[in-house]
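K.L.:
Just to be clear, the model below is a prediction. Sequence and coordinates:
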Amino acid sequence: MSLQQPTPEFVYRLATATEWFAAQESGAVPTRDIDKRDGYIHLSTREQVIETATLHFADAEDLLALEIPFAGIADQAKFELAPKRGELFPHLYGALTAAHVARAIKLNKTDAGFRFGDAL
């Protein structure tokens, strides 16, 4: 099986509404312990973000998908294999700022996980 590097128009960072509002004040999108441990900021493509939210943020009530134009971070991003999911994921080797974010999209909870809602 060959994995080809995608070139999406947008990539996504999951954040709570509280984290996003704080990022708008400070200018910096917060990192999590997993980002610090791995040395990069974990992102997802549009096709991956709902499953990522369901797997890692199932209890979140105010989850957002921060939509980031890939062209704005491409020079610091790499698509790398996530062995547990068998897919290439975008990883950002640099800071993610609120200015990188084009819009925040609410993720609505469903019985099966999440779905895209309205932009804030």
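P.N.:
Nice, I can see it. Numbering: from 1, shown residues only.
K.L.:
make it CA atoms for all contacts and neighbour counts henceforth
P.N.:
Fine.
K.L.:
how deep is residue 55 tucked in, by neighbour count?
P.N.:
11 (other C-alpha atoms under 10 Å).
K.L.:
I'd like the distance between it and residue 47.
P.N.:
To residue 47, residue 55 is 14 Å away according to C-alpha to C-alpha, to the nearest Å.
K.L.:
quick one: residue 17 and residue 63 touch, right?
P.N.:
Yes - the pair residue 17 / residue 63 is scored as a contact, 6.2 Å apart, by C-alpha atoms under 8 Å.
K.L.:
Which of these two has more residues huddled nearby?
P.N.:
Using other C-alpha under 10 Å, the more surrounded residue of residue 17 and residue 63 is residue 63, with 24 against 20.
K.L.:
now the helices: where do they sit in this protein?
P.N.:
17-26, 33-38, 46-56 (DSSP state H).
K.L.:
Identify whichever of these lies nearest to residue 102.
P.N.:
helix 17-26 (12.0 Å; C-alpha to C-alpha).
K.L.:
Residues touching that closest one, excluding its own?
P.N.:
29-30, 62-64, 97-98 (C-alpha atoms under 8 Å, 6 or more residues apart in numbering).
K.L.:
Now which of these would you call buried?
P.N.:
Using 16 or more other C-alpha atoms under 10 Å as the burial test, the contacts of helix 17-26 include 29-30, 63-64, 98 as buried.
K.L.:
from those residues, which two are the most distant?
P.N.:
Every pair of the buried ones among the contacts of helix 17-26 checked by C-alpha to C-alpha; the farthest is 63 and 98, at 16.2 Å.
K.L.:
show me what contacts the most centrally placed residue in the chain?
P.N.:
Compute the mean C-alpha point of the chain, and by C-alpha atoms, centre = their mean the closest residue is residue 13, 1.9 Å away. Residues near residue 13 by C-alpha under 8 Å, 6+ apart: 42-44, 65-68.
K.L.:
List the contacts of the residue nearest to residue 97 when sequence neighbours are not counted.
P.N.:
Nearest residue to residue 97, sequence neighbours excluded (C-alpha to C-alpha, 6 or more residues apart in numbering): residue 28, at 4.4 Å. Residues counted as contacts of residue 28 (C-alpha under 8 Å, 6+ apart) are 95-98.
K.L.:
No further questions, thank you.
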